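S.K.: Got a predicted structure plus its sequence, pasted below:
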There are 2 protein chains.
Amino acid sequence: MAKAASKVERRSGIALWRQIADRIRLAISSGEFSERLPPEMELAERFGVNRHTVRGAIAALTQEGVLRAEQGRGTFVKRRRSLSYPVGARTRFSEGPKGQARERRGILLDHAVEPADPRTAAALEIEPGAKVVRLETLSEADGRAVSRATSFFDATRFASIDDIYAESGSITVALKSFGISDYFRHSTQISARHAGDTDLADLKLSPGAIVLVTVYVNVDPDGRPVQFAETRFAADLVELSVS
Amino acid sequence: MAKAASKVERRSGIALWRQIADRIRLAISSGEFSERLPPEMELAERFGVNRHTVRGAIAALTQEGVLRAEQGRGTFVKRRRSLSYPVGARTRFSEGPKGQARERRGILLDHAVEPADPRTAAALEIEPGAKVVRLETLSEADGRAVSRATSFFDATRFASIDDIYAESGSITVALKSFGISDYFRHSTQISARHAGDTDLADLKLSPGAIVLVTVYVNVDPDGRPVQFAETRFAADLVELSVS
DNA sequence: TAGATTTGTCTATTGATATAGACGACTATA
DNA sequence: TATAGTCGTCTATATCAATAGACAAATCTA
């Protein structure tokens, strides 16, 4: 396969150190750099830049927790793995990555009752302007923030769902307390973009990081929409799996 | 929803003009800017930067063919679209975006017969090292490159699939000529990352651009794997839809 | 231990980014 | 045909990004 080398693009609006940081991150996840990175001088030659520029990239990745540099010894890879989340009719993101038996936690960051905008109303099949409950939630796996979600529920059906979520940290449990013993993923839209301000902060990402965005509707067994939501995953930690 | 505003990230390694260009592109495809952009001064205020910085972003998007500025009148949206590709059991990326009735073309960039690496062998259920045909393909919709794929086929079953693909520009047609009249998407892995060198060039993206990556296996009606592939979509043009 | 290798820090210089203000050119409209 | 609104261009300045070279500090190995 193509080595993580060749040239970097100059005056493209993306600083060279950032381009190189991205390449190194990619090379790590593709297994090209497994344990130890090549010396700074060698990387500088490979990318065709000054050693100090490479150092900038390494500093960023160190800050990010991907690398650890040791004077006199070298620069080492600190962590590498990615979580796989299933997407399908039976999907519950709240149940966490499949089979990977990790500790997961759902945290309620914020909640509000507000009028539904047209898009939300259409998704939930209610009147535009009707009251909805909005939940802003964060999911952690093994203490690492992996996803950030914004969910909407019909306020007349799910009045105090915020309280129950705050307690249980689970949408599945919260819905159950409203008599929804089972539900299905109706549709999922997947896209990707650079993380915004709040996601950057909440997911503890570095500027320029990517989020995988899923927009979806969950329906009860009668086909009635119960939840309309957008979940943003840190793309360097997570992949989605459709089966 | 959140307006395409708030603040931009300073000294993040991504130039402000590029961040703003990305935001404007996104705002266009989400329909926030439909026909005409707000005046440069207003955008500058919204993003909290100087007017000249906004002009840099507009210049880049003009170069890209997204905007057209007219002195004295304003700045206008030239093209607006986000293609939606379905992902599911009946998915054929080669058939292009759903219902959007566009002209699409599949182009064979490269092909080779080579021994299967362990991952490919496992996916196709053949012996590691057995010969596979690798196709490097590019898909265009309305003359715009939207995706770049690397596919593997068992070389003993699909000997000269490259020729047929080169002619037809369609995997579906190519498989049909080998007696595979129907096939199904067995599994799809979805992730996102910054585009690599070759994708950057093939998809005509600017450095730092994001690709949506799908890794999948297609099986024939008997459940035998026929194709193992990775398709990279330009994330600023495409979203995936699971239903 | 001596020498080689590798990361850490410093200074200096150049080019790209971003800000600031001013004014010209073109368009629409009152 | 004024006038307001908007894009185009110019000059000047400050800050960030990248290059260049030198040497210190820590580590490994012969």
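M.R.: Alright, I've got the coordinates.
S.K.: And the helices in chain A?
M.R.: Under the criterion DSSP state H, helices of chain A are mapped to A:16-29, A:40-47, A:51-64, A:118-124, A:161-168, A:171-176, A:197-202.
S.K.: Keeping just the C-alphas, turn the fourth one into PDB.
M.R.: To tie it back to what came earlier, the one meant is helix A:118-124. This file holds the C-alpha atoms of helix A:118-124, laid out as PDB (Å, rounded to 0.1, in the frame of the first residue of the first chain):
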ATOM      1  CA  PRO A 118     -40.300  22.000  11.100                       C
ATOM      2  CA  ARG A 119     -37.700  19.300  10.600                       C
ATOM      3  CA  THR A 120     -38.100  17.800  14.100                       C
ATOM      4  CA  ALA A 121     -41.900  18.100  13.800                       C
ATOM      5  CA  ALA A 122     -41.900  16.200  10.500                       C
ATOM      6  CA  ALA A 123     -39.600  13.500  11.900                       C
ATOM      7  CA  LEU A 124     -41.800  13.000  15.000                       C
END
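S.K.: how many neighbours does the nearest residue to residue A:135 once chain neighbours are set aside have?
M.R.: Of all residues not flanking residue A:135 in the chain, residue A:151 sits nearest, at 4.6 Å (Cβ to Cβ, 6 or more residues apart in numbering or on different chains). Heads up, the C-betas are built off the backbone N, CA and C, glycines and all. Look at residue A:151: counted by other Cβ atoms under 10 Å in any protein chain shown, it has 22 neighbours.
S.K.: Could you pull up the residues touching residue A:151?
M.R.: Taking Cβ atoms under 8 Å, 6 or more residues apart in numbering or on different chains as the criterion, residue A:151 is in contact with A:134-135, A:137, A:171, A:227-229.
S.K.: repeat that for 6 Å
M.R.: Contact analysis of residue A:151 by Cβ atoms under 6 Å, 6 or more residues apart in numbering or on different chains lists A:135, A:227, A:229.
S.K.: now swap in residue A:233 and tell me
M.R.: Listed by Cβ under 6 Å, 6+ apart, the contact partners of residue A:233 are A:147, A:212.
S.K.: Show the pLDDT at it.
M.R.: Predicted confidence (pLDDT) for residue A:233: 92.
S.K.: Give the bridge partners for it, please.
M.R.: With DSSP bridges applied, residue A:233 shows beta-bridge pairing to residue A:147, residue A:212.
S.K.: Quick check: it vs residue A:203, distance?
M.R.: 8 Å (Cβ to Cβ, to the nearest Å).
S.K.: ok, back up a step: now do the residue nearest to residue A:135, the pLDDT please.
M.R.: pLDDT for residue A:151: 95.
S.K.: hey, what's it bridged with?
M.R.: residue A:135, residue A:229.
S.K.: Tell me how far it lies from residue A:125.
M.R.: Residue A:151 is 16 Å from residue A:125, by Cβ to Cβ.
S.K.: and residue A:133, how many neighbours?
M.R.: As a burial measure, residue A:133 scores 21 neighbours (other Cβ under 10 Å).
S.K.: who touches residue A:113 in this structure?
M.R.: For residue A:113, the contacting residues are A:131, A:133, A:155, by Cβ under 6 Å, 6+ apart.
S.K.: Among those, which one lies nearest to DNA strand C?
M.R.: The closest of the contacts of residue A:113 to DNA strand C turns out to be residue A:133 (Cβ to the nearest atom of the strand; 38.3 Å).
S.K.: Kindly list the single helix or strand of chain A that scores lowest on mean pLDDT.
M.R.: Scoring the helices and strands of chain A by mean pLDDT, DSSP states H and E places strand A:83-87 at the bottom, with a mean of 72.
S.K.: Tell me, how many residues neighbour residue A:191?
M.R.: With other Cβ under 10 Å as criterion, residue A:191 counts 24.
S.K.: Mind listing the residues bridging to the closest residue to it other than its chain neighbours?
M.R.: Sequence neighbours aside, residue B:239 is the residue nearest to residue A:191 in space, at 4.1 Å (criterion: Cβ to Cβ, 6+ apart). Beta-bridge partners recorded for residue B:239 (DSSP bridges): residue B:84.
S.K.: Could you give the number of residues near residue B:239?
M.R.: The tally of other residues near residue B:239 (other Cβ under 10 Å) stands at 19.
S.K.: my guess is it meets residue A:192, correct?
M.R.: No - at 8.6 Å, residue B:239 does not count as touching residue A:192 under the criterion of Cβ atoms under 6 Å.
S.K.: List, one by one, the residues from chain A near DNA strand D.
M.R.: A:15-18, A:48-50, A:52-53, A:56, A:70-73 (Cβ under 7 Å from any atom of the strand).
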